[in-house]
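**Student:** Coordinates for the following, if possible.
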Amino acid sequence: MSNSKKFDINLIEDNGSWTAQITRRKTAKQTIVSKSQDGFASESDAQSWAEEQLKEFLQTIAARNKRR
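**Tutor:** Okay, here's the model as predicted:
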């Protein structure tokens, strides 16, 4: 996973279904969900999706910052 303090992964179980969220720290007290997907059958599926999406998310942000 990333060493970034700004982005993190949250996994939530609801009635046997898993939701993966990529969260972003807006301020020290406030967190925003940047990307989310639900309907995963297992925690490992949700975890692998979230890690893959977080990696792509961080690459996109790095490329965007480099262009500026």
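
**Student:** Let me know the helix or strand that residue 27 is in.
**Tutor:** Residue 27 belongs to no helix or strand when assigned by DSSP states H and E.

**Student:** what about the residue positioned nearest the centre of the chain, which SS state?
**Tutor:** By C-alpha atoms, centre = their mean, the chain has its centre lying nearest to residue 22, at 1.9 Å. In three-state terms, and counting by DSSP: H, G, I helix; E, B strand; the rest coil, residue 22 is strand.

**Student:** Next up, the contacts around it.
**Tutor:** Applying C-beta atoms under 8 Å, 6 or more residues apart in numbering to residue 22 gives the contacts 7-9, 33-36, 50, 53-54, 57. To be clear about C-beta, it is placed using only N, CA and C from the backbone, and glycine gets the same treatment.

**Student:** Relative to residue 42, which of these is nearest.
**Tutor:** Minimum distance to residue 42 across the contacts of residue 22 is 12.8 Å, recorded for residue 50 (C-beta to C-beta).

**Student:** And for residue 48, the neighbour number?
**Tutor:** 13 (other C-beta atoms under 10 Å).

**Student:** picking that back up, got a pLDDT number for the closest residue to the residue nearest to the centre of the chain other than its chain neighbours?
**Tutor:** Leaving aside its sequence neighbours, residue 22 sits nearest to residue 35 (C-beta to C-beta, 6 or more residues apart in numbering; 4.3 Å). As predicted, residue 35 sits at a pLDDT of 93.

**Student:** OK, contacts around residue 35?
**Tutor:** 21-22, 53, 57.

**Student:** tell me which element it falls in.
**Tutor:** strand 31-40.

**Student:** So what are the sheet partners of that strand and their directions?
**Tutor:** Using DSSP bridges, the strands paired with strand 31-40 are strand 17-25 (antiparallel).

**Student:** List the buried residues for stretch 30-49?
**Tutor:** 34, 40, 46-47, 49 (16 or more other C-beta atoms under 10 Å).

**Student:** now stretch 41-48: mean pLDDT?
**Tutor:** So the average pLDDT for stretch 41-48 ends up being 94.

**Student:** one step back: let me know the closest of the buried residues of stretch 30-49 to residue 16.
**Tutor:** For these, the nearest to residue 16 is residue 40 (10.2 Å; C-beta to C-beta).
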